[in-house]
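In: Sequence plus the predicted model coming up.
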Amino acid sequence: MNVDIFDLAISTPIGKSMTFAASSVRDVISGASPKYNKKDSKGNVVQVLSSASPTNWCHQSICEQRDGVNSNLTYFFDNAALNFDGGFSQEQDYTSRFVNSNLSWDFNKKLTTLNLGGSVAFDVSEPTNMNRDCSTDTTNTNCHKTSQQYLLGVSQILDKNSLLQLNMTYGYSEGYLSDPYKTVWFYNGNTLSDIQSDKRPREKNQFAWLVQYIHNFEGLNNAALHADYRFSMDNLGINSHTTELSWHQPITAGWQVIPRFRYYSQDSADFYSAVFSGSHNSYSVYSSDYRLAGFGAISGGLKVAKTFIDVSKPIEQLKLQAGVEYYDHIAAYQLGGNSSGNFADFSYYLVNASMGVKF
């Protein structure tokens with residue numbers, strides 16, 4: 001599978017107390033995607049991908065383009081900032097609209113910052129495979145989902161070189177949470193007995209906690225260590241752990257090198273199985289989506305940045321960045337180990353480049 005992402009963003013002050021920002025993104029995806037799991041002649045579970053047959057506008061079975069826009073308005077007070085944000089994204093079979101707001105308040109001589117945030121998104125899915133029972137709509141074409149998220153956080157300056165941040169978020173989603181393009185296979189022993197569409201609960205509650213520590217090393221040319229840990233849990237049975245370390249190293253003449261390492265592990269959802277036994281009538285919800293399985297992932301990368309100051313009028317600053325990252329998704333990387341097999345393991349490389357201009 002190939003993914004190309006293009007971003008464009010702009011930010012400008014409005015008077016002395018406001019800032020307006022806008023951004024747009026285009027994702028182009030092509031390739032083959034996992035459709036379902038089945039048993040082979042030896043009873044082993046294998047993952048089946050969509051075929052690479054041509055479609056009407058590309059030469060792969062999956063060919064998707066997503067376009068999104070976002071706008072942001074921030075008002076600055078003496079000891080606070082209030083932010084309003086909104087946007088939408090659209091692809092061939094999915095539309096999403098969202099709004100959110102965030103308030104940050106500085107106190108304790110600006111050594112402490114309190115952050116409060118909230119957002120809501122309205123999504124509509126219109127799957128192209130019309131034979132799927134994706135919602136209770138009589139037309140069987142529109143699948144609606146509403147998502148809410150709330151944040152409570154605090155940032156504390158510990159000393160001139162250290163910062164600690166604590167965040168707690170709560171998310172709630174309701175509506176159509178299934179994947180209309182995935183199927184679930186049911187077996188009696190090694191004999192296929194039934195095939196059903198992916199069917200998940202219509203409500204999801206999720207809690208997440210984040211701890212971030214940043215430390216500046218003056219003796220190392222003001223290098224900075226960023227250390228993050230995040231834990232989340234939901235009513236679907238998925239508990240996850242994320243640990244991320246990055247080192248921001250200024251070198252000389254505007255150069256900076258940023259190596260990064262990340263580890264992720266999650267438990268499987270209560271209603272997940274690679275394949276199911278018996279009849280679907282024995283289950284109220286079921287899914288074989290590999291994203292709901294128990295697994296671990298290790299990723300690492302390197303970014304290089306160069307900043308130019310006073311390039312030429314009207315450009316005050318020009319920043320160029322380029323990076324590469326490798327991601328490895330392995331069932332056995334899960335905390336505590338996972339012996340479910342490697343049929344859903346995969347890896348990818350991500351290459352990125354960006355240019356920032358300040359006028």
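Out: That came through, no problem. Computed from a predicted structure; not experimentally measured.
In: Only C-alpha atoms from now on, for both contacts and neighbour counts.
Out: Fine.
In: Residue ranges in the protein under the pLDDT threshold?
Out: Residues of the chain meeting the criterion pLDDT under 70: 51-61, 129-142.
In: Identify the residue nearest Y348 in space, chain neighbours excluded?
Out: Distances taken as Cα to Cα, 6 or more residues apart in numbering put Y327 closest to Y348, at 5.4 Å, once the chain neighbours are dropped.
In: Return the alpha-carbon coordinates of the helix or strand containing V25 using PDB.
Out: Per DSSP states H and E: V25 is located in strand 18-31. Extracted in PDB, the C-alpha atoms of strand 18-31 (Å, rounded to 0.1, in the frame of the first residue of the first chain):
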ATOM      1  CA  MET A  18      -5.700  37.500  17.800                       C
ATOM      2  CA  THR A  19      -4.300  34.900  15.400                       C
ATOM      3  CA  PHE A  20      -6.000  33.200  12.500                       C
ATOM      4  CA  ALA A  21      -4.700  29.900  11.000                       C
ATOM      5  CA  ALA A  22      -5.900  27.700   8.200                       C
ATOM      6  CA  SER A  23      -4.700  24.400   6.800                       C
ATOM      7  CA  SER A  24      -5.500  21.900   4.100                       C
ATOM      8  CA  VAL A  25      -4.500  18.300   3.600                       C
ATOM      9  CA  ARG A  26      -4.800  15.700   0.800                       C
ATOM     10  CA  ASP A  27      -4.200  12.000   1.400                       C
ATOM     11  CA  VAL A  28      -3.900   9.700  -1.600                       C
ATOM     12  CA  ILE A  29      -4.000   6.000  -0.800                       C
ATOM     13  CA  SER A  30      -3.500   3.100  -3.300                       C
ATOM     14  CA  GLY A  31      -2.900  -0.600  -2.900                       C
END
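In: Pairing partners for that strand, with directions?
Out: Strand 18-31 has the following strand partners under DSSP bridges: strand 2-14 (antiparallel), strand 62-76 (antiparallel).
In: could you point out which element follows the last one?
Out: Meaning strand 62-76. Assigned by DSSP H and E, the successor of strand 62-76 is strand 80-91.
In: Just the residues contacting that next one, thanks.
Out: 64-76, 95-106 (Cα atoms under 8 Å, 6 or more residues apart in numbering).
In: so can I have JSON lines of the strands paired with strand 18-31 showing mean neighbour count and distance to F295?
Out: Shown next, in JSON lines, are the strands paired with strand 18-31 (neighbours: other Cα atoms under 10 Å; distance: least, Cα to Cα, whole Å):
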{"stretch": "strand 2-14", "mean neighbour count": "13", "distance to F295": "22"}
{"stretch": "strand 62-76", "mean neighbour count": "17", "distance to F295": "25"}
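In: wait, which of these is closest to S354?
Out: Smallest distance to S354 across those (Cα to Cα): 8.6 Å, for strand 2-14.
In: Show me how far stretch 91-100 is from its chain's centre.
Out: 15 Å (Cα atoms, centre = their mean, to the nearest Å).
In: Also stretch 62-79?
Out: With Cα atoms, centre = their mean, you get 15 Å for stretch 62-79.
In: repeat for stretch 12-30
Out: The chain centre lies 19 Å from the centre of stretch 12-30; the measure is Cα atoms, centre = their mean.
In: Kindly report the same for stretch 300-320.
Out: Here stretch 300-320 is found 27 Å from its chain centre; the criterion is Cα atoms, centre = their mean.
In: buried ones in that stretch?
Out: Neighbour-count burial for stretch 300-320, counted by 16 or more other Cα atoms under 10 Å, picks out G300, G301, L302, K303, V304, A305, K306, T307, Q317, L318, K319.
In: which pair in these spans the largest distance?
Out: Spanning the widest gap among the buried residues of stretch 300-320 are G300 and Q317, at 28.9 Å by Cα to Cα.
In: Which stretches in the stretch 201-350 of the chain count as strands?
Out: Using DSSP state E, counting those that start in this stretch, the strands found in the stretch 201-350 of the chain span residues 203-217, 223-234, 239-250, 255-266, 276-277, 295-312, 315-330, 346-358.
In: Which neighbours in the sheet does the longest one have, and how are they oriented?
Out: Sheet partners assigned to strand 295-312 using DSSP bridges are listed as strand 255-266 (antiparallel), strand 315-330 (antiparallel).
In: Does the closest residue to D345 other than its chain neighbours have any beta-bridge partners, and if so which?
Out: Distances taken as Cα to Cα, 6+ apart place I330 nearest to D345, at 4.9 Å, with adjacent residues excluded. Per DSSP bridges, the residues bridged to I330 are G296.
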